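Asker: structure of the sequence below:
(chains A and B)
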Amino acid sequence: MNNFAYTQAASTKEATTAKQADKAAAFIGGGTTLIDIMKSNIEQHSLLIDINRLALTGINDTAEGLRIGTLEHMSTVGEHPQVVQNYPAISESLLLSASPQLRNMATMGGNLLQKTRCGYYRDVAFPCNKRVPGSGCPAQTGDNRTLAIFGTSPSCIATNASDLAVALVALDARLTLENAKGQSRTLPLTEFYKLPGSTPNIETHLQPDELITAITVPAAGHARRSHYLKVRDRASYAYALVSAAVGLDVQGGLIRSARVALGGVGTVPWRVPAVEKYLVGKPATEDTFRAAAALAVRDAAPREQNKFKVELAQRTLVRAFLELPTA
Amino acid sequence: MDSIFTEQPGGVVGKPIIRVDGRDKVTGRAKYSAEFPLPGLTYAVIVTSPIAKGKIQSIDSAAAMREPGVLTVLTHQNLPPLATTPNTPEGKKKIGAPMGFLPLTSDEIFYAAQPVAVVVADTLEHAQHAATLVRVAYQSGGKPIAYYTDPKAELFDPQKVQDGKQEGHTKRGTPEESFASAPIQLVATYHHPVHNHNPMEPGSTTAQWTAPDRLTVYESTQGVFRTQSSLKAMLGLPADNIRVITKYLGGGFGCKGSTWPHTILTIQAAKAVGRPVKLMLTRPQMFTSMGHREDQEQTVKLGATAEGKITSIIHTKKSTTSPWDNYAESNSKILDMLYATPNFEASYEMARANVMTSTFMRAPGEAPGSFALECSMDDLAYRVGVDPVQIRLLNHSDYDYSTGQQWSSKSLKQCYARGAELFGWSRRNPKAGQTREGRYLVGMGMATASYPVHNSQGTARARLYADGHAVVQAGATDLGTGTYTVMTQVAADSLGLPLEKVRFELGDTQLPNAPNSGGSVAAGTVSSSVFLACQDVWDKLIKMAVADRKSPLHGADPAEVGVEKGRLFLKNKPKKGESYAEVLHRADMPDIEGMAQGKYGAGNENPQGAKNADPSKKDEAGGHSMHSFGAHFCQVHVDSELGVVRVTKWVSVMGAGRVLNSQTARSQILGGAIFGIGSALMEATERDDHFARYTNADLANYHVCVNKDIPDMTVEFVEEHDPYINAMGVKGIGEIGIVGVAAAVANAVYHATGKRVRDLPLTPDKVLMNGLPS
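Answerer: Have a look, this model is predicted:
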């Protein structure tokens, strides 16, 4: 770990201004990813800007939907009655993440920016295009059992590690971002993440001086009847081999609207709009779900050790649909 | 005098006494080896090699040295010289080193994360930062070899395994012929990945030179005397000049059983800077600093009669070893002795790769060996169409077929019966793949456990004070498993004192010599030495009393004097006697000391028998085979669509001689079984094929069980009195808990699915792709 300076920001403006002034600065919320990454010498930051005192909390109903302040902790949001009742997939995705200790520290915005668990990224002794652009990607032919089958490129197959992001992309979440000029913009989470392409080091469309200030999720029938299912090597405290966030609005046995995203399989949280489109108007039956699942993996590009994910993703999706409470 | 083998009335041995050190641990008063704040303490951080094969071209420490607080950067160019290094076979033997190479003695890189420099600074943070500034230029040696399966790896017959300590070839009878003519012939190959011990407390060393030739080391070790002996050889100092202290240990599992490179590097760093130095390995470094369980492939050929009686077992093993050493766990031992196997053969092959030397890890050999054997036994049961417990009873060995010796004691049949009863084994559908609960396939499996009672010796000292308290000492180690507690119990009963009047001290080379806490020997050896030291106290007091004209016991035959609760009395006239305190007072002695040195285990029955618990067995002593035995029963739920396996019910029943503390003993078996469930379902260190470097060297991706993986578990011990093994009749339970566990889980999975996966761990991908009924 390198030496760094530390400052507490009193306002969002102060935080974003400090960040703009120092290209090697980073915001620190819960620090559950950042400190790891710095201790492992994966990132060297000259300045940590503590944003924990900013007034970026609150879980409130608004005209656009449920607005969650970026500094809310994973545990608070996961257990919030509003979230449990109207956005069960979000609650489940949070409570199936990490450990209670980490969920009590980690913030919502920070969760969306957590780093991949790809072993080649996490150890600076390996080449890694995400860490050192142009150095190579040994994961392509190496230990890739846990890595991505969607959105991959010859440069990178690292899996996005967030559970929360999978539920949020499925449920049309939007981020509110604020920059050093005090300007604010909103962006659908699906447009926030960048595919690795030839620049896996650039993971999002976040500008250097921008801070995530809030997450907004629209209310919807498919959000109220949503579910997050996570399949992993051990029963708790493990990243997803495959996960699925699904939401269905079913009326009279027919699907009116559907939301589907996969986790543990994509370089970004993997929403599958074609599957959603396919489901609309179909009867909510196991046959429909199986056909949808087959469609969901149509574009899969597995490597040697993660071929099983193509099969497991389909089965996970079907199970997730079947586990939805009956309308 | 009478031994306490016949229970002391009102005694505490065997009782579920809570840990005597529990309060100190939870309040932070218990000091682990990295928690001694010595004046002037400095901090070391190890810089490791990114590559697995090549040479160091140059090291530039200038930038690191310029950092504030940095005191030195040690490399192969300036490491203070050692009297002996392990780099030659003679040196290695003299040191008792686990690995035939010491980093920083050469510019060659043999394995990934090999230490190349040690940075010492006034604070840990300064050292950590400076470590990132050491510039090392490497010349690549080309593509390293990662596994024995590498096309460039060359398999060879090592003749001996476990670093020359075990025979690499065993043959009894006519194994091939008997297999060829057997009505039932089973051939199966099993794979086991690399495992790392990962105790909660990483390895650590704090070294303080108190004079140019005198050293104190606070070490995270399973044995202070073995550490002292290794350091003595490496430093060329008398043993007396080296004090090793380990008051508390946060687990070891074998990786702290030897002196690894980081220890001597820290000591040399302290020499170089002239101040005490502390080093604690990082979690990633724990995967490449203190050995591992090697990746291995086993093939079992099992021949049997049509009824299922084994006629022949042929076992071969292939594994990966380091450039210097022929280390492989000796898996074949348990295959040789567990069942009545008239014909047996075992051999080993290994290949050198760019890895450090593997080492013993909880039940070395027995753990993976039992996985192969006990899965094959399960196959045999299905093939013959008899119950898995029945097939084991059919092949029960009434003596040790591997040595021809009688067992010192064996309660395996009782373990099967009690385990089956507790588990509800009779409810099991004999057919595999037939039991379903909703979306789950339900399976029940079982396996036999066994672990040897290794020979050992040790000493202990007991000092009994006239005021009614005692201090009892042995230089043993408490791995966290309860040694402090059980020895206090044994001493309290032996001295007739209440528990709180006895203090037991351990973990210091200034105390009487005790063996490494390894190979499950500590409980039996140390408790026996403590017991005998306490007996020595009474022997001395009785001698004093009968020689003392003022004693009511004056002139009595010492053999006629008994002791109970601190009172000496004539056995045939119990009213005649006095308290030991009076004997001491008259002699103007505040206290009296007893000492004992004992040798225990096979071959030591005779000398031990003289003072043994059951003198009537003395004449039979000699030539026994000594083992603990037990049985595990497991139920799993296998998700019929997703391939996820969860253990839902567990029963372990053990026959392991005397149980010193029913609570800590239960915890030992629980811990072993949970360790084994981890190895069955999730545990594996992944070494990249191209870089020969681990890709999951942290506890986020190296999975061990969490609470949610473990159901409520039942552990029981059957009552077992072994008159031969040692004075206390204790067999040791540190390792048997894991033996057979992976097989019990795998057998339950087979029972659930009807498909056999022989490749550990049984993760969802393997079960999904190969292990689910179509």
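
Asker: tell me the pLDDT at B:Glu735?
Answerer: On the pLDDT scale, B:Glu735 is placed at 97.

Asker: host element of it?
Answerer: Secondary structure assignment for B:Glu735, by DSSP states H and E: no helix or strand.

Asker: burial check on it, number of neighbours?
Answerer: The tally of other residues near B:Glu735 (other C-beta atoms under 10 Å in any protein chain shown) stands at 26. C-betas here are computed from N, CA, C, even on glycine.

Asker: state the number of residues packed around the closest residue in space to it that isn't next to it in sequence.
Answerer: Once flanking residues are discounted, B:Glu735 sits nearest to B:Ala363: 4.1 Å by C-beta to C-beta, 6 or more residues apart in numbering or on different chains. B:Ala363: 31 surrounding residues under other C-beta under 10 Å.

Asker: these two touch, right, B:Ala363 and B:Ile738?
Answerer: Yes. The criterion here is C-beta atoms under 8 Å, and B:Ala363 meets it with B:Ile738 at 5.0 Å.

Asker: what's the overlap in contacts for the two?
Answerer: Residues touching both B:Ala363 and B:Ile738 (C-beta atoms under 8 Å, 6 or more residues apart in numbering or on different chains) are B:Gly672.

Asker: that older thread, just read off the phi/psi values of the residue nearest to B:Glu735.
Answerer: The phi and psi values for B:Ala363, taken as degrees, to the nearest 10, are phi 60, psi 60.

Asker: one more: B:Trp425?
Answerer: Here is the backbone geometry of B:Trp425 (degrees, to the nearest 10): phi -60, psi -30.

Asker: ok, it - contacts?
Answerer: Residues near B:Trp425 by C-beta under 8 Å, 6+ apart: B:Val389, B:Gly419, B:Met444, B:Met446, B:Phe633.

Asker: what's opposite the nearest residue to A:Gly29 once chain neighbours are set aside in the beta bridge?
Answerer: Distances taken as C-beta to C-beta, 6+ apart put A:Thr107 closest to A:Gly29, at 3.8 Å, once the chain neighbours are dropped. A:Thr107 has these beta-bridge partners by DSSP bridges: A:His73.

Asker: would you mind measuring from A:Thr107 to chain B?
Answerer: To chain B, A:Thr107 is 19 Å away according to C-beta to the nearest C-beta, to the nearest Å.

Asker: residues near the residue of the stretch 201-350 of chain B found nearest chain A, how many?
Answerer: Nearest residue of the stretch 201-350 of chain B to chain A (C-beta to the nearest C-beta) works out as B:Pro284 at 7.4 Å. When neighbours are defined as other C-beta under 10 Å, B:Pro284 has 21 of them.

Asker: looking at the contacts of B:Trp425, which are in strands?
Answerer: Residues of those located in strands (DSSP state E): B:Met444, B:Met446, B:Phe633.

Asker: confirm for me that A:Leu66 is in contact with A:Gln85.
Answerer: No. In this structure A:Leu66 lies outside contact range of A:Gln85 using C-beta under 8 Å: 10.6 Å.

Asker: and these two? Which one has more around it.
Answerer: Remark: of A:Leu66 and A:Gln85, A:Leu66 carries more neighbours, 23 against 10, as counted by other C-beta under 10 Å.

Asker: gap between the two ends of stretch A:63-79?
Answerer: Taking C-alpha to C-alpha, to the nearest Å, stretch A:63-79 runs 22 Å from one end to the other.

Asker: avg pLDDT for it?
Answerer: 98.

Asker: now do the contacts for B:Trp260.
Answerer: B:Pro98, B:Met99, B:Gly203, B:Ser289, B:Met290, B:Gly291.

Asker: derive a PyMOL selection command for the buried subset of these.
Answerer: A single PyMOL command selects the buried members of the contacts of B:Trp260 (16 or more other C-beta atoms under 10 Å in any protein chain shown):
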select buried, chain B and resi 98+99+203+289+290+291
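
Asker: next, format the contacts of B:Trp260 as a markdown table and append secondary structure and pLDDT.
Answerer: Putting the contacts of B:Trp260 into a markdown table (DSSP: H, G, I helix; E, B strand; the rest coil; pLDDT from 0 to 100) gives the following:
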| residue | secondary structure | pLDDT |
| --- | --- | --- |
| B:Pro98 | coil | 98 |
| B:Met99 | coil | 98 |
| B:Gly203 | coil | 98 |
| B:Ser289 | coil | 98 |
| B:Met290 | coil | 98 |
| B:Gly291 | coil | 98 |
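
Asker: if we can go back for a sec, quick check: of the contacts of B:Trp425, which lies closest to B:Leu506?
Answerer: B:Gly419 (33.9 Å; C-beta to C-beta).

Asker: my guess is that closest one meets B:Gly445, correct?
Answerer: No. Using C-beta under 8 Å as the test, B:Gly419 is too far from B:Gly445 to be in contact (12.0 Å).

Asker: before we move on, the earlier item: tell me the two of the contacts of B:Trp425 that are most distant?
Answerer: Longest span within the contacts of B:Trp425, C-beta to C-beta: B:Gly419 and B:Met444, 11.6 Å.

Asker: identify the contacts common to those two.
Answerer: Counting by C-beta under 8 Å, 6+ apart, the contacts common to B:Gly419 and B:Met444 are B:Trp425, B:Phe633.

Asker: name the nearest residue to A:Ile212, sequence neighbours excluded.
Answerer: Leaving aside its sequence neighbours, A:Ile212 sits nearest to A:Gly109 (C-beta to C-beta, 6+ apart; 3.8 Å).

Asker: er, B:Ala462 I mean
Answerer: Closest to B:Ala462 by C-beta to C-beta, 6+ apart is B:Ala533, at 4.2 Å.

Asker: now B:Asp591
Answerer: B:Tyr465 (4.4 Å).

Asker: got a list of what that neighbour touches?
Answerer: B:Tyr465 makes contact with B:Val471, B:Pro590, B:Asp591 under the criterion C-beta under 8 Å, 6+ apart.

Asker: find me the pLDDT at the last one, would you?
Answerer: In this case it means B:Asp591. pLDDT, B:Asp591: 98.

Asker: hang on, it packs against B:Gly468?
Answerer: No. Using C-beta under 8 Å, B:Asp591 is not in contact with B:Gly468, being 10.9 Å away.

Asker: the spatially most distant residue from the centre of chain A and A:Ala219, how far apart?
Answerer: Farthest-out residue of chain A from its mean C-alpha position, per C-alpha atoms, centre = their mean: A:Gly252, at 32.8 Å. A:Gly252 sits 21 Å away from A:Ala219, going by C-beta to C-beta, to the nearest Å.

Asker: now do the shared contacts for B:Gly419 and B:Gly445.
Answerer: In contact with both B:Gly419 and B:Gly445: B:Phe633, using C-beta under 8 Å, 6+ apart.

Asker: send the alpha carbons of stretch B:147-165 over as CSV?
Answerer: Extracted in CSV, the C-alpha atoms of stretch B:147-165 (Å, rounded to 0.1, in the frame of the first residue of the first chain):
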residue,chain,number,x,y,z
TYR,B,147,1.5,-29.9,-12.1
TYR,B,148,2.6,-33.5,-12.6
THR,B,149,0.2,-33.5,-15.5
ASP,B,150,2.2,-31.0,-17.4
PRO,B,151,3.4,-32.5,-20.7
LYS,B,152,7.0,-31.5,-19.7
ALA,B,153,6.7,-33.0,-16.2
GLU,B,154,8.6,-36.3,-15.7
LEU,B,155,7.0,-38.8,-13.4
PHE,B,156,9.5,-40.8,-11.3
ASP,B,157,9.4,-43.5,-8.7
PRO,B,158,10.7,-41.8,-5.4
GLN,B,159,11.3,-45.2,-3.7
LYS,B,160,10.4,-43.4,-0.4
VAL,B,161,7.8,-40.8,0.2
GLN,B,162,6.9,-38.2,2.9
ASP,B,163,10.4,-36.9,2.5
GLY,B,164,12.1,-40.2,2.9
LYS,B,165,10.2,-41.1,6.0
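
Asker: next, the buried residues of that stretch.
Answerer: By neighbour count with 16+ other C-beta under 10 Å, stretch B:147-165 contains the buried residues B:Tyr147, B:Tyr148, B:Thr149, B:Asp150, B:Ala153, B:Pro158, B:Lys160, B:Val161, B:Gln162, B:Asp163, B:Gly164.
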